[in-house]
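Engineer: show me how the following folds:
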Amino acid sequence: MLQGMELFMWQAEATEEEWDTWATDHSRNNGKVRFVVLRENQTVIFPPGTIHSVARLNKEKTFCATGHFLQWSDLETWLKVLKKQLEDSETVNEDVGDDSILSLLENAKALIEGRIDSERLEIVGGLERANNLVDQIKEIIDALSESQKPAKRKKA
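Structural biologist: Prediction:
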């Protein structure tokens, strides 16, 4: 929920190639930049991987709560974006290596595994997709766990 006023800008319909180009040069855009002025009590929801920025007036006091809304149909995109953010932390303004992301991954994995166990797979897109999602999530969890391990000291 927003308090105050903010300018929300995003690149509409950025392809994976455009996302990769932007990741190496943040001044690049695809010519499809859009914006909206959000006022108090307004909300914006966008899909994972949306290149965006938020600005406010210096004199304007604002408060904005954010979060992740995960949909079955967007899980691959979300996982792909997480992988890219882990590879290049400059593409995100939050710590993707923190416990909240790990918690989201573990919860998503548990939900999918629950669907597999109960054989309620239609909403997930079938058993093959469900297993593929679980494998991708495990891969990211392993990468996060590895990056959080303290570096081993060499013996003198």
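Engineer: only C-alpha atoms from now on, for both contacts and neighbour counts.
Structural biologist: OK.
Engineer: pull out the buried residues from the biggest helix by length in the chain.
Structural biologist: Under DSSP state H, the helix in the chain containing the largest number of residues is helix 127-148. Neighbour-count burial for helix 127-148 flags 127, 130-131, 133-134, 136-137, 140-141, 144 (criterion: 16 or more other Cα atoms under 10 Å).
Engineer: next, format those as CSV and append distance to residue 16 and pLDDT.
Structural biologist: As requested, these are exported to CSV (distance: Cα to Cα, whole Å; pLDDT from 0 to 100):
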residue, distance to residue 16, pLDDT
127, 26, 96
130, 23, 96
131, 24, 97
133, 19, 96
134, 22, 97
136, 18, 95
137, 20, 95
140, 19, 91
141, 23, 91
144, 23, 84
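Engineer: can you put those residues in TSV and add distance to residue 81?
Structural biologist: As requested, the buried residues of helix 127-148 are exported to TSV (distance: Cα to Cα, whole Å):
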residue	distance to residue 81
127	23
130	18
131	19
133	14
134	16
136	12
137	12
140	11
141	14
144	14
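Engineer: who are the packing partners of the strand or helix carrying residue 108?
Structural biologist: Assigned by DSSP states H and E, residue 108 falls within helix 99-118. Helices and strands touching helix 99-118, by 3 or more Cα pairs under 8 Å, 6 or more residues apart in numbering; DSSP states H and E, are helix 127-148.
Engineer: go again using 10 Å as the cut-off
Structural biologist: Helix 99-118 is packed against helix 75-87, helix 127-148, with contacts defined by 3 or more Cα pairs under 10 Å, 6 or more residues apart in numbering; DSSP states H and E.
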